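Novice: quick check, what structure comes out for this input:
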Amino acid sequence: MRREDRAFDKPASLLIRGSLLTLARPWVMGILNLDPSSFYSESRALSEKDALEKVSEMIQEGMDILDIGPSSSRPGAEIMEPNEEWKRLESILKAIQQEFPAMLISVDTLHSSVAQRAIDAGADMINDISGGMYDPAMIPTVAAAGIPYVCMHMPGEPATMQHDVKYENVLTEVISFFTERMRVCKEAGIKDLILDPGFGFGKKSPHNFTLLRELNHIRSLRNPVLIGISRKRMIYGNLGIKAEEALNGTTALNMAALMHGADILRVHDVKEAVECVKMYELMRG
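Specialist: As a prediction, this is how the structure comes out:
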């Protein structure tokens, strides 16, 4: 399935900081994790100095938007209390805003109170792994702020999502979830909704690859699609390697995702993802 064969030809766009930004070229979203237990150690920043250095490097490598995750959402992780999450996020978010005022920033949280504080501190986007299912106040909070919202599919919570994973048809169930969430978000007033299939969140390897192969069906829902497969178990588990060795597999699947309609690649390795997008753009002409 070529990207140009998608359900509609008009490039996706997002309203951010009063400007309409198009995704005619796919974006690269760099990951900055603030949790010491995040599964890939090179993405961690446990101090302001470390965070600023990592962000500076990703900007130089061509990152379009930064995604800051104050707590880990790896399988088995417990959800952090909102006050603790904000305590970990606040100073680093403000330091990044001050040092790199032009940088677009997404904050990864499922707490509406953290989202509101992050928005007040200048966050441009909220990335919610629960798709608004964990905190009912999340969607109204984002709607009131008028910023883009990343809605991810995840059955259950990180602590339990990989227990007894079952689907009759994973693609149908994910599309059904997004269809319902799209209605809720539209009724609340969210204008810019981004869909994330949630690779590795309550899914086994065959489910992940089915969603990747059929990504064009999710893209046909007429919302931008974000893909987060960077260094995940679906790569290193199938290759019999460690996450630290999974860059080559990540690049291969990122290219597949682009060819099936991905608009945003969420990655640990910005330089390689930017090069992947450039090769994709040259290939499609």
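Novice: residue 106 sits in which helix or strand?
Specialist: Residue 106 belongs to strand 104-108 when assigned by DSSP states H and E.
Novice: quick one: mean pLDDT for stretch 256-269?
Specialist: Across stretch 256-269, pLDDT averages out at 97.
Novice: okay, residue 10: pLDDT?
Specialist: Note for residue 10: predicted pLDDT of 66.
Novice: please apply the same query to residue 38.
Specialist: Note for residue 38: predicted pLDDT of 69.
Novice: what's the answer for residue 163, then?
Specialist: Residue 163 is given a pLDDT of 61.
Novice: low-confidence ranges, the stretch 151-285 of the chain, go.
Specialist: Along the stretch 151-285 of the chain, the parts satisfying pLDDT under 70 run over 157-164.
Novice: show me the helices in it, by range?
Specialist: With helices called from DSSP state H, counting those that start in this stretch, the stretch 151-285 of the chain shows them at 170-188, 205-213, 215-219, 233-239, 247-259, 270-284.
Novice: CA atoms only for the strand holding residue 106, dumped as CSV, please.
Specialist: The C-alpha coordinates for strand 104-108 follow below in CSV (Å, rounded to 0.1, in the frame of the first residue of the first chain):
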residue,chain,number,x,y,z
LEU,A,104,7.4,22.0,19.9
ILE,A,105,6.8,19.9,23.0
SER,A,106,4.4,17.0,23.6
VAL,A,107,3.9,15.7,27.2
ASP,A,108,3.2,12.0,27.7
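Novice: tell me which of the helices of the stretch 151-285 of the chain sits nearest to residue 18.
Specialist: helix 170-188 (20.7 Å; Cβ to Cβ). The way it works is simple: take the backbone N, C-alpha and C, and place the C-beta from them, glycine included.
Novice: got the angle for the closest one vs helix 205-213?
Specialist: Angle of helix 170-188 versus helix 205-213, following axes from the mean of the first three to the mean of the last three Cα atoms, to 10 degrees, is 60 degrees.
Novice: for helix 170-188, buried residues please.
Specialist: 170, 171, 174, 175, 177, 178, 181, 182, 184, 185, 188 (16 or more other Cβ atoms under 10 Å).
Novice: list of residues touching whichever helix or strand comes after the strand holding residue 106?
Specialist: Toward the C-terminus, strand 104-108 is succeeded by helix 112-120 as the next helix or strand (DSSP H and E). By Cβ atoms under 8 Å, 6 or more residues apart in numbering, the surrounding residues in contact with helix 112-120 are 70, 82, 85-86, 89-90, 93, 107, 109, 123, 126, 128, 135, 137-138, 140-142, 145, 147.
Novice: which of those are buried?
Specialist: Applying 16+ other Cβ under 10 Å to the contacts of helix 112-120 flags 70, 82, 85-86, 89, 93, 107, 109, 123, 126, 128, 135, 138, 141-142, 145, 147 as buried.
Novice: keep only those of the residues you listed that are in strands.
Specialist: 107, 126, 128 (DSSP state E).
Novice: which residues touch the spatially closest residue to residue 115 that is not a sequence neighbour?
Specialist: Nearest residue to residue 115 in three dimensions, chain neighbours excluded: residue 126, at 4.8 Å (Cβ to Cβ, 6 or more residues apart in numbering). Counting by Cβ under 8 Å, 6+ apart, residue 126 makes contact with 106-107, 109, 115, 118-119, 138, 141-142, 147-150.
Novice: could you redo the residues you listed as CSV and give each row pLDDT and distance to residue 14?
Specialist: Formatted as CSV, the contacts of residue 126 follow (pLDDT from 0 to 100; distance: Cβ to Cβ, whole Å):
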residue, pLDDT, distance to residue 14
106, 98, 11
107, 98, 15
109, 97, 19
115, 98, 17
118, 98, 17
119, 98, 15
138, 98, 18
141, 98, 18
142, 98, 13
147, 98, 9
148, 98, 5
149, 98, 10
150, 98, 11
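Novice: JSON lines for those, including distance to residue 13?
Specialist: Below are the contacts of residue 126 laid out as JSON lines (distance: Cβ to Cβ, whole Å):
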{"residue": "106", "distance to residue 13": "16"}
{"residue": "107", "distance to residue 13": "21"}
{"residue": "109", "distance to residue 13": "24"}
{"residue": "115", "distance to residue 13": "22"}
{"residue": "118", "distance to residue 13": "23"}
{"residue": "119", "distance to residue 13": "20"}
{"residue": "138", "distance to residue 13": "23"}
{"residue": "141", "distance to residue 13": "23"}
{"residue": "142", "distance to residue 13": "18"}
{"residue": "147", "distance to residue 13": "14"}
{"residue": "148", "distance to residue 13": "10"}
{"residue": "149", "distance to residue 13": "15"}
{"residue": "150", "distance to residue 13": "15"}
